[in-house]
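# Show me the folded form of this:
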Amino acid sequence: MKALLLIDMQNGFCPGGNLAVPDGDSVIPIANRLIRDGGYDVVVASQDWHPANHGSFASQHLGKKPFEMGELSGQPQVMWPDHCVQGTPDAEFHPDLEVSEIDYIQQKGENPAVDSYSAFRDNDHAALTGLAGYLKAQQITELDICGLATDYCVKFSALDARDMLPNVNVRFISDASRGIDPQAIKDAISEMRECGVDIVTSKVILAD
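Below is the predicted model of the structure:
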């Protein structure tokens, strides 16, 4: 069984959003082609779903500005702009994404005391989202991952997939993903590869 995991393809991470990833909306047409023609048995999407008082927001820390380093529950934390707040347009999936074809949506980042880059668990690894259990129940043996942003939520999701689903072949679809910092993107791809994640393009998948 083969699954596609779309990471955070939301308005907030696309141009015009509160935490826009450069060129982020360019992944949507590729994702739609993969959904339609990639031969997947299951399509899953993660959705950043923060409460308005989330502790990763710079606005919740006196004197802090977005993208400065701070602290959250005793751990180092990037201070983000308010983004993907529950029930706001910023948190909605990009309007061009074929959401009707998604079988399961995994919301994350709901606990204000800890951030959750990965679709599988919170950053402190104390709480699981339930996604690994869902994929196991579907008897998934191949998992392709793409989305926003390569150097944060995509990377951590791919690494957790390798760790939590040891019998699953995990691939990162590079052209269906975009990141924030060029060097961090290169480092993220190297780290994924070193952990056993295969790096592929949508052309390879669609040609299968």
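
# Can you pull out the low-pLDDT segments for this protein?
Counting by pLDDT under 70, the chain contains no low-confidence segment.

# can you give me the helices for it?
Ranges of helices within the chain are 27-37, 131-137, 155-164, 182-194, 202-207, based on DSSP state H.

# out of the ones you listed, nearest to residue 121?
Closest approach to residue 121 among these (C-beta to C-beta): helix 155-164, 6.1 Å. C-betas here are computed from N, CA, C, even on glycine.

# Helix 182-194 and that closest one, what's the angle between them?
Inter-element angle recorded for helix 155-164 and helix 182-194: 10 degrees (by axes from the mean of the first three to the mean of the last three C-alpha atoms, to 10 degrees).

# going forward can the numbers begin at 8, since that is how I track them
Let's use 8 as the start, then, which means that last one is helix 162-171.

# gap between helix 162-171 and the chain center?
Centroid separation for helix 162-171 versus its chain: 11 Å, with C-alpha atoms, centre = their mean, to the nearest Å.

# other SSEs contacting it?
Using 3 or more C-beta pairs under 8 Å, 6 or more residues apart in numbering; DSSP states H and E as the contact test, the elements touching helix 162-171 are strand 9-14, helix 138-144, strand 149-154, strand 176-180, helix 189-201.

# Switch these over to TSV; also include mean neighbour count and distance to residue 28.
Below are the helices and strands packed on helix 162-171 laid out as TSV (neighbours: other C-beta atoms under 10 Å; distance: least, C-beta to C-beta, whole Å):
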stretch	mean neighbour count	distance to residue 28
strand 9-14	26	11
helix 138-144	17	21
strand 149-154	24	9
strand 176-180	22	15
helix 189-201	15	10
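
# Could you dump the ones you listed into TSV with distance to residue 94 added?
Output for the helices and strands packed on helix 162-171, formatted as TSV (distance: least, C-beta to C-beta, whole Å):
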stretch	distance to residue 94
strand 9-14	21
helix 138-144	22
strand 149-154	21
strand 176-180	30
helix 189-201	30
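
# out of these, which comes closest to residue 77?
Of all the helices and strands packed on helix 162-171, helix 189-201 comes closest under C-beta to C-beta, at 18.5 Å.
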